[in-house]
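Trainee: A predicted structure for the sequence below; I have some questions about it.
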Amino acid sequence: MRVLLEPEAAELEKISGLPVETALPRAARFLNRLAEDRAFIEEEVLPLLREAQGAQEEWYVARRYDDPDGSYSLQLFVWPPGTGTRVHDHSSWGAYRCLAGTVLEERYERLDDGSIPDHARLKRAWRLDWGPEHGASTVLPGDGGIHRVSNPGEEVAVSVHLYGPRLREVDGRDYDPSRDYVCDRRD
Ligand SMILES: [Fe+2]
């Protein structure tokens with residue numbers, strides 16, 4: 001990705017070393033700047049929109065850059081109409097911003113104390129549509145950032161995501177609120 005030329009990589013390195021409460025607003029600013037970079041949109045995002053028209057049935061990560069020491073990961077997601085993730089969390093902090101189309105984010109609150117294996121009781125806390133004009137959304141690691149992202153619209157959507165360093169060995173957890181179930185997600 002063009003974004004990972006020297007100055008941006010240095011900024012990402014810096015953000016990933018910060019405590020989560022300072023890292024998240026910096027990550028959001030980084031993504032907001034990226035969204036306003038016309039060259040980035042033209043070179044990286046528009047080709048994805050063209051290539052995704054009718055070609056894919058599932059959402060996918062079209063580009064990603066993982067820092068060699070695992071301290072951050074920058075990813076471009078493509079969301080064809082009607083696609084969406086499971087309800088999940090990450091073992092790192094995360095920030096994302098919609099760059100084209102609209103994505104729906106649903107955020108959940110965990111009601112149980114995590115003491116029963118494979119069991120999690122969730123309640124939906126809020127849902128919000130995010131478009132390119134709406135800025136970045138941020139999630140805390142683990143229980144503080146349980147969410148689902150989807151594209152219920154009719155246009156392809158593209159979003160850029162930045163994840164910080166992992167705090168656990170696994171990538172995160174997947175939830176099934178219909179049966180109060182949770183399990184670890186490996187890579
Ligand atoms: Fe996520």
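Mentor: Perfect, I can see it now.

Trainee: The helix or strand containing Ala62 pairs with which strands?
Mentor: According to DSSP states H and E, Ala62 maps onto strand 60-66. Sheet pairing of strand 60-66 (DSSP bridges) gives strand 73-79 (antiparallel).

Trainee: doesn't Cys183 fall inside a helix?
Mentor: No: secondary structure of Cys183 (DSSP: H, G, I helix; E, B strand; the rest coil): strand, not part of a helix.

Trainee: Could you pull up the contacting residues of it?
Mentor: Taking C-beta atoms under 8 Å, 6 or more residues apart in numbering, we find Cys183 in contact with 118, 173-174. Any C-beta I mention is one placed from the backbone N, CA and C, and that applies to glycine too.

Trainee: any idea which of those is the one closest to Ala157?
Mentor: Top of the list for closeness to Ala157, among the contacts of Cys183 and by C-beta to C-beta, is Asp174 at 21.6 Å.

Trainee: That closest one: how many residues sit nearby?
Mentor: Asp174 is flanked by 15 other residues according to other C-beta atoms under 10 Å.

Trainee: Show me the beta-bridge partners of it.
Mentor: Going by DSSP bridges, Asp174 forms beta bridges with His88, Cys183.

Trainee: gap between it and Cys183?
Mentor: The gap separating Asp174 from Cys183 is 6 Å, by C-beta to C-beta, to the nearest Å.

Trainee: before we move on, what about Pro19?
Mentor: Using C-beta to C-beta, we find Pro19 at a distance of 29 Å from Cys183.
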